[in-house]
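[1] coords below, sequence missing:
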């Protein structure tokens, strides 16, 4: 069965399911391309307010397909470089997507699967899920932004342990460290992610987009520059129709219905 990225709708949430069960949902170029395309479509659809990425069955994603990587050693280096560019295009598309992206993780998130989860805005994981950066264990270095994300989310010593030693880390510990947002019972991660998505879907889309922009810009911005960006975003959102809707609903003790 060919690997694919399945797209389904759950209310205002698009669910992207990595489907490659024979290889524990390993990733490949066809999935990267489908991921970029799906987010491009979702961005243009106002009825889509959020995206959940999950894996078919009991595994989120085993990362790269090692057999495919071994085969690529027999081909020119640019073949693998092009494949990694496809992955990185998907990671960048997730980071810059103006709507919330939630990872729903069951079982293992390994290698690029771990990087993929880290690229999402929020992570909901089964309490027995396991995350591992196994690259060094097979003679490889990270891709998918894994080293970038971990270096920003964790102390250097812990990031070094995960990347250099290839140590596994459980969802419960990552939750305690603030990397995983919510823990679920096994087999309930997708349902809980959809519930979280529904909560976010009720927010004003323009405000969600502003918050994602500000969070993406903050690490590289000076305080002075960032304060100016916050000012500009605040003023724009105040004068957006949703600014009036939100304030009036709050004052009237009603639930806002944003455009």
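    On my side now, so go ahead. Values in this document were obtained by computation on a predicted structure and should not be read as measured data.

[2] and this protein, what are its domains?
    The chain resolves into domains spanning 4-201, 205-251 when parsed by automatic domain parsing.

[3] which residues touch the residue lying closest to residue 10 once chain neighbours are set aside?
    Closest residue to residue 10 in three dimensions, ignoring its sequence neighbours and counting by C-beta to C-beta, 6 or more residues apart in numbering: residue 194, at 5.5 Å. No exception for glycine: its C-beta is placed from N, CA and C like everyone else's. The contact partners of residue 194, taken as C-beta atoms under 8 Å, 6 or more residues apart in numbering, are 10, 13, 15, 52, 104.

[4] try residue 154
    In this structure, residue 154 makes contact with 162, 177, 179, judged by C-beta under 8 Å, 6+ apart.

[5] and the longest helix seen in the chain, average pLDDT?
    Longest helix of the chain, by residue count under DSSP state H: helix 77-96. Regarding helix 77-96, the rounded mean pLDDT is 96.

[6] contacts for it next, please.
    Helix 77-96 has contacts (C-beta under 8 Å, 6+ apart) with 27-29, 32-33, 35-36, 39-40, 53, 69, 72, 101, 112, 115-116, 119-120, 143-145, 216.

[7] would you list every one of the helices in the stretch 101-250 of the chain?
    In the stretch 101-250 of the chain, the segments counted as helices under DSSP state H, counting those that start in this stretch are 112-119, 146-153, 156-164, 171-176, 189-201, 205-217, 223-238, 241-251.

[8] residue 58 is nearest to which of the ones you listed?
    Between residue 58 and these, the shortest separation by C-beta to C-beta is 10.6 Å, and it involves helix 189-201.

[9] helix 205-217 and that closest one, what's the angle between them?
    Relative orientation of helix 189-201 versus helix 205-217 (axes from the mean of the first three to the mean of the last three C-alpha atoms, to 10 degrees): 110 degrees.

[10] in helix 189-201, what counts as buried?
    189, 190, 192, 193, 194, 196, 197, 200, 201 (16 or more other C-beta atoms under 10 Å).

[11] quick one: contacts for the nearest residue to the second one once chain neighbours are set aside?
    Spatial nearest neighbour of residue 190, excluding adjacent residues (C-beta to C-beta, 6+ apart): residue 104 at 4.4 Å. Each residue near residue 104 by C-beta under 8 Å, 6+ apart is listed here: 52, 53, 54, 60, 124, 125, 189, 190, 192, 193, 194.

[12] flag the shaky bits of the stretch 101-250 of the chain, pLDDT-wise.
    When the per-residue scores of the stretch 101-250 of the chain are filtered using pLDDT under 70, no range remains.

[13] for the buried residues of helix 189-201, give me CSV that also has distance to residue 241.
    As requested, the buried residues of helix 189-201 are exported to CSV (distance: C-beta to C-beta, whole Å):
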residue, distance to residue 241
189, 35
190, 33
192, 32
193, 29
194, 27
196, 26
197, 23
200, 19
201, 18
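
[14] what's the spacing between the residue nearest to residue 10 and residue 17?
    When C-beta to C-beta, to the nearest Å is applied, the distance between residue 194 and residue 17 equals 12 Å.

[15] got it, and residue 211?
    As defined by C-beta to C-beta, residue 211 lies at a distance of 26 Å from residue 17.

[16] over to residue 30?
    Computed as C-beta to C-beta, the residue 30 to residue 17 distance reads 14 Å.

[17] and the two? Which one has more around it.
    Applying other C-beta atoms under 10 Å to residue 30 and residue 17 shows that residue 17 carries more neighbours, namely 18 against 14.

[18] that one falls within a strand, correct?
    Yes. Following the definition DSSP: H, G, I helix; E, B strand; the rest coil, residue 17 is counted among the residues of a strand.
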